[in-house]
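In: sequence and predicted structure are below.
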Amino acid sequence: MKKTIIGLFLLVLSFQMNSQTIALPDTFISLNYEYLEALEIDNEPLRVKKLEKTVLNYNNKEIADLCDTDKDVVNVSFYVDNCNIIASYDKNGKIIKTIEKYNNVRLPLSVMQAIAKQYPDCGIVEDVYLVKYQSNNNTVRKEYKVKIKSKDEILTVKTNEKGDFI
């Protein structure tokens with residue numbers, strides 16, 4: 001009898017327990033997720049991240065008004081602090097391609113090491129970071145044009161993001 005009363009008591013208590021509710025973070029689904037994945041924004045300098053996020057968040061409702069057919073493409077230019085992106089959008093707001101140019105950004109360690117190894121007595125004067133994205137084959141081409149100066153001459157070298165000379 002004691003077991004039955006204890007069992008009923010525990011059963012009544014279990015009905016009064018509330019389940020725990022876990023709030024999940026907001027999920028962001030982007031039409032341009034391929035662009036976001038291809039660029040690896042996490043490894044980029046802050047100025048580059050800022051401008052690329054602006055391209056991702058561009059209001060595509062304006063684009064739909066400018067296009068007559070599904071094959072129309074709209075080019076939009078973005079400029080911030082010696083950085084610019086020309087992005088081509090389709091009627092739905094999907095990024096078709098981009099051409100990006102960033103002046104004097106922080107070079108990746110692999111690029112700096114490759115230049116220092118190849119040209120040990122030179123200093124970096126300025127650099128240009130170029131990015132070209134194509135959505136049809138989901139490719140990104142990143143290259144750095146770096147001006148280096150020795151005692152009396154200035155050279156321009158090109159590397160990819162891994163530090164391989166082009």
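Out: Yep, that arrived.

In: got a list of what the closest residue to D121 other than its chain neighbours touches?
Out: Counting by C-beta to C-beta, 6 or more residues apart in numbering, S150 is the residue found nearest to D121 once chain neighbours are left out, at 5.8 Å. No exception for glycine: its C-beta is placed from N, CA and C like everyone else's. Listed by C-beta atoms under 8 Å, 6 or more residues apart in numbering, the contact partners of S150 are Y119, D121, C122.

In: buried ones among those?
Out: Neighbour counting by 16 or more other C-beta atoms under 10 Å classes Y119, C122 among the contacts of S150 as buried.

In: what residues are up against the closest residue in space to L56 that isn't next to it in sequence?
Out: Nearest residue to L56 in three dimensions, chain neighbours excluded: N32, at 5.6 Å (C-beta to C-beta, 6+ apart). Taking C-beta under 8 Å, 6+ apart, we find N32 in contact with L56, G93, K94, I95.

In: could you count how many residues lie near the second one?
Out: One way to gauge burial is a neighbour count; for G93, by other C-beta atoms under 10 Å, it gives 18.

In: now do the helices in the chain.
Out: For the chain, the helices defined by DSSP state H cover 2-16, 33-39, 46-56, 60-66, 109-118.

In: what stretches of the protein score poorly on pLDDT?
Out: For the chain, applying pLDDT under 70 flags the ranges 11-20, 24-30, 41-43.

In: any chance of the helices of the chain in TSV, plus mean neighbour count and distance to Y89?
Out: Listed next are those as TSV, based on neighbours: other C-beta atoms under 10 Å; distance: least, C-beta to C-beta, whole Å:
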stretch	mean neighbour count	distance to Y89
helix 2-16	8	56
helix 33-39	17	11
helix 46-56	17	9
helix 60-66	13	5
helix 109-118	16	31
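
In: quick one, which of those helices is nearest to K101?
Out: Minimum separation from K101 across these (C-beta to C-beta) falls at helix 46-56, 10.3 Å.

In: tell me who's in contact with the nearest residue to Q118 once chain neighbours are set aside.
Out: The spatial neighbour of Q118 that comes closest, neighbours along the chain excluded (C-beta to C-beta, 6+ apart), is F165 at 7.1 Å. When contacts are counted by C-beta under 8 Å, 6+ apart, F165 touches A114, Q118, V157, K158, T159.

In: now, the most widely separated pair of those residues?
Out: Maximum pairwise distance in those, criterion C-beta to C-beta, is 12.0 Å, between Q118 and K158.

In: gap between the spatially closest residue to D81 that is not a sequence neighbour and P120?
Out: Take D81 and drop its neighbours on the chain: the residue closest to it by C-beta to C-beta, 6+ apart is R47, 5.7 Å away. R47 is 29 Å from P120, where distance means C-beta to C-beta, to the nearest Å.
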